[in-house]
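# quick one, what's the 3D model for this:
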Amino acid sequence: MKNREGMVEMPKQMTEDEVRSFATKVIGLEKENDLNIGTGQITTFNQLGFKGVIDKPDGWFLPKNSVDTAFILETKATKIRLGINQREELKKNISIVHRKYKNVVGVLYNGIDTVVFKNDEEYQGDGSKKLQTLKYYTSLFDLESIDKEHIYEITAKINNSLHFNFGIKNLYHRMIFTACALVAKRYSALMVKGMDYSEFHNAIINCLNKELIRDKKQNQKLSILTDVFSEIKMNLNVDAEDEKEQQRVIELISDFIDWVEDISDAINSDKWNGEDVMGIFFNEFNRYKSKSESGQIFTPEHITDFMYKILEVNPNDYVLDAAAGSGGFLAKSMANMIQEAGGVNTKKAQEIKQNHLYGIEFDREIFALACANMLIHKDGKTNLEQLDSRTEYASQWISDKNITKILMNPPYEKKYGCIRIVENVLDSVKSGTMGAFIMPDKKLEKTSKKKIESILSRHRLRKIVKLPEDLFFNVSVTTSIFVFEAGMPQNDKEIFTCYMKSDGLVTVKNKGRHDVYDKWNDIEQYWLDVIEKQSGDESCSWINPKDYLSYQKVSQQLQLSDEDFRKTVTEYVLYKENVDLDEFVRKLSLRTLYGSVIDSDSQLLTIGVKKENNKC
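Numbering: from 1, shown residues only. Take a look at the predicted model:
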């Protein structure tokens, strides 16, 4: 029934069918030809994917992604009170759905009273006594905010368990193992507590092989993720015959699944703003890093965001990172671009994921991490390629894309071809394309003059922003952001430089550097203004490319105090009179001390020069 205003109006007394029909309209469960959402007592749980269960729910919403919140409706006629038996009936249905979904909201309704359950606990929060829309119910498990401290604590537990219990000693293998579990969770793989290792391992492999078929059609290289995961070696006794050892393995896997679910819930929350999961892992997993695991530096997430803003990237840009590492720049760019486009549910968001992000990574295992990182962040279609960015083939690959912005942190060592990568990328994009590269402060100056002259004859270095010297955790390298404009010759035009001495972050033991005192937002805005206006800070200066290709610290002007002046004059007079300064100071000190009047009491000792003829 509808009132004059067109609103749904509830009759005073209703049969169960009438209650169900009324609830369907209010909650918003009407959708034809879609098993994911619906009402009625015709469809069984078995038909909905819960094998062997013939019970029939009154209403349901079962999202395709198992990390999202599921919904179950149980209705009764108005004359039936919602007591213990009715609550137990709803809880039974919730437990069935709980086999596939971690978070289930159940509603019991008789046309007058409303009872809400979050999993098996009755919920009595704001609005729970009134029938609400589906959006209200599915948001009950949403995180109010991301507790990053909690994420780091979970990551530490994962790291310790994989290193000591599973016996995975390789830093990147621990990251890949965890990342693959997160990808499987994101694609609704059935990972439940109580699994043995074989079941757990197969659940991930089957997900990576089967559920990602559509993604693999666009990018065949995603199969590397499966291959690398399968190659990971561990010391966990997965084939133990001893019952106690078998139970220990099951408990370890159950704990790991719990931790992965916690991280997955945070990543899939609307409060997650593209923070680089691999960067978080790297900071923690790095604690057990061996000396042989070197050469990879993960760009701090706040700096990837800062560089995104320096280049004024927008949702219409096409972003390239030709030394993608774990995909931090791409993950942050994707998050920012989607947010600026209106959110994840917009048509533009899907276009950004499919066509606006491009990455190249040469190292096979790091490439697997980049694939996992993008999949974790709800994007399996990013254009990632395993290539050597120094090659002609990579140049052609880049040229075929409509790249408008470049964000990169290329490998620094000469053996990896840092400058060759930068040059090849700049040569491969359209004239006018802006690129920001993190490199060691003196990298360009230490490169051969002939090579630099060749690069600057085709591309203009516009800005150098020296970064804080303690930016990279546990790495002794000082860096700057070098902003180039491709296809525009330098022609000896001066370069703007400035120096961000501090980003406000502090080092937290075993957790890397963090914005503990919430200083970064203000610091970031200050430096964005300085860089845009190219003025406003005492460190700002312009350099001639013929003289320097790095930030030059501004020399401090000499300031002479009265004390300095008197000291200098006195020393000069003594020098002219051939007086030994040290001997003079010694005699003066002794004369002052032993020629003084000493007055003391129980608490105070006074030493003063004795007056003679009213003179000291």
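# mind listing the strands for the stretch 351-500 of the chain?
Here the stretch 351-500 of the chain has its strands, by DSSP state E, counting those that start in this stretch, at 357-360, 383-385, 405-408, 434-440, 460-466, 479-485, 495-499.
# rounded mean pLDDT for the fifth one, please.
In this case it means strand 460-466. Averaging pLDDT along strand 460-466 yields 98.
# what is it packed up against?
Of the remaining helices and strands, those touching strand 460-466 by 3 or more CB pairs under 8 Å, 6 or more residues apart in numbering; DSSP states H and E are strand 479-485, strand 495-499, helix 520-533. Every residue, glycine included, has its C-beta placed from N, CA and C.
# go through the ones you listed and pick out the most buried.
strand 479-485 (a mean of 22; mean count of other CB atoms under 10 Å).
# what about stretch 321-333, distance to the chain center?
11 Å (CA atoms, centre = their mean, to the nearest Å).
# now that stretch: buried residues?
Neighbour-count burial for stretch 321-333 flags 321-333 (criterion: 16 or more other CB atoms under 10 Å).
# can you check stretch 442-450 too?
Lys443, Leu444, Thr447.
# so of the residues you listed, which ones are in helices?
Assigned to helices by DSSP state H, none of these qualify.
# rewinding a little: which ones among the buried residues of stretch 321-333 map onto helices?
Gly328, Phe329, Leu330, Ala331, Lys332, Ser333.
# hang on, the last one packs against Lys309?
No - counting by CB atoms under 8 Å, Ser333 does not reach Lys309; the two are 10.9 Å apart.
# tabulate the buried residues of stretch 442-450 (a markdown table), appending pLDDT.
Below are the buried residues of stretch 442-450 laid out as a markdown table (pLDDT from 0 to 100):
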| residue | pLDDT |
| --- | --- |
| Lys443 | 96 |
| Leu444 | 97 |
| Thr447 | 95 |
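# closest one to Val429 out of those residues, please.
Taking CB to CB as the measure, Val429 lies nearest Leu444 of the buried residues of stretch 442-450, at 19.1 Å.
# quick one, what contacts the nearest residue to the closest one once chain neighbours are set aside?
The spatially closest residue to Leu444, leaving aside those adjacent along the chain, is Leu549, at 3.9 Å (CB to CB, 6 or more residues apart in numbering). Leu549 sits next to Leu444, Glu445, Ile452, Leu461, Ile464, Ile495, Ile543 when contact means CB atoms under 8 Å, 6 or more residues apart in numbering.
# neighbours of Thr568, how many?
Number of residues near Thr568 (other CB atoms under 10 Å) recorded here: 11.
# mind saving the C-alpha coords of whichever helix or strand it is part of as PDB?
According to DSSP states H and E, Thr568 maps onto helix 562-576. In PDB, the C-alpha atoms belonging to helix 562-576 read as follows (Å, rounded to 0.1, in the frame of the first residue of the first chain):
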ATOM      1  CA  ASP A 562      80.300  41.800  19.800                       C
ATOM      2  CA  GLU A 563      81.900  39.000  21.700                       C
ATOM      3  CA  ASP A 564      83.500  37.600  18.500                       C
ATOM      4  CA  PHE A 565      84.800  41.100  17.700                       C
ATOM      5  CA  ARG A 566      86.300  41.600  21.200                       C
ATOM      6  CA  LYS A 567      87.900  38.100  21.200                       C
ATOM      7  CA  THR A 568      89.500  38.700  17.800                       C
ATOM      8  CA  VAL A 569      90.800  42.100  18.700                       C
ATOM      9  CA  THR A 570      92.200  40.900  22.000                       C
ATOM     10  CA  GLU A 571      94.000  37.900  20.300                       C
ATOM     11  CA  TYR A 572      95.400  40.300  17.700                       C
ATOM     12  CA  VAL A 573      96.800  42.700  20.400                       C
ATOM     13  CA  LEU A 574      98.400  39.800  22.300                       C
ATOM     14  CA  TYR A 575      99.900  38.500  19.100                       C
ATOM     15  CA  LYS A 576     101.400  41.900  18.300                       C
END
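# contacts for that helix?
By CB under 8 Å, 6+ apart, helix 562-576 touches Leu581, Phe584.
# do stretch 115-122 as well
With CB under 8 Å, 6+ apart as the test, stretch 115-122 has contacts from 82, 86-87, 90-91, 94-95, 98, 103-109, 123-124, 128, 137, 140-141.
# change it to 6 Å
Leu82, Lys91, Val104, Val105, Gly106, Val107, Leu108, Tyr123, Ser128, Leu140 (CB atoms under 6 Å, 6 or more residues apart in numbering).
# can you tell me which of those residues is nearest Gly59?
Checking these one by one against Gly59 (CB to CB), the nearest turns out to be Val107, at 8.1 Å.
# so where's the stretch 351-500 of the chain shaky on pLDDT?
Within the stretch 351-500 of the chain, the segments meeting pLDDT under 70 span 378, 380-382, 473-474.
# the helix ranked longest in the chain packs against which elements?
Using DSSP H to define each element, the chain has its longest helix at helix 243-267. Here helix 243-267 is seen to pack against helix 148-160, helix 171-186 when contacts are counted using 3 or more CB pairs under 6 Å, 6 or more residues apart in numbering; DSSP states H and E.
# do that again at 10 Å, thanks
Contacts defined by 3 or more CB pairs under 10 Å, 6 or more residues apart in numbering; DSSP states H and E place helix 243-267 against helix 148-160, helix 171-186, helix 197-206, helix 277-285, helix 364-376.
# give me the angle between that helix and helix 364-376.
Orientation of helix 243-267 against helix 364-376 (axes from the mean of the first three to the mean of the last three CA atoms, to 10 degrees) gives an angle of 60 degrees.
# so which bits of helix 243-267 are buried?
246, 249-250, 252-254, 256-257, 259-267.
# chain center to that helix: distance?
23 Å.
# rounded mean pLDDT for it, please.
For helix 243-267, mean pLDDT rounds to 88.
# can you spell out the domain ranges of this protein, please?
For the chain, the structural domains run 16-138, 148-267, 298-362+387-494, 562-609, going by automatic domain parsing.
# wait, Asp503 sits on Tyr517?
No - contact criterion CB atoms under 10 Å: Asp503 and Tyr517 do not qualify, at 11.4 Å.
# more crowded one of these two?
Comparing Asp503 with Tyr517 by neighbour count (other CB under 10 Å), the higher total belongs to Asp503, at 21 against 9.
# grab the nearest non-local neighbour of the more buried one.
Pro468 (5.0 Å).
# ok, that neighbour - how many residues close by?
19.
# and if you look at Gln350?
By other CB under 10 Å, the residues close to Gln350 number 15.
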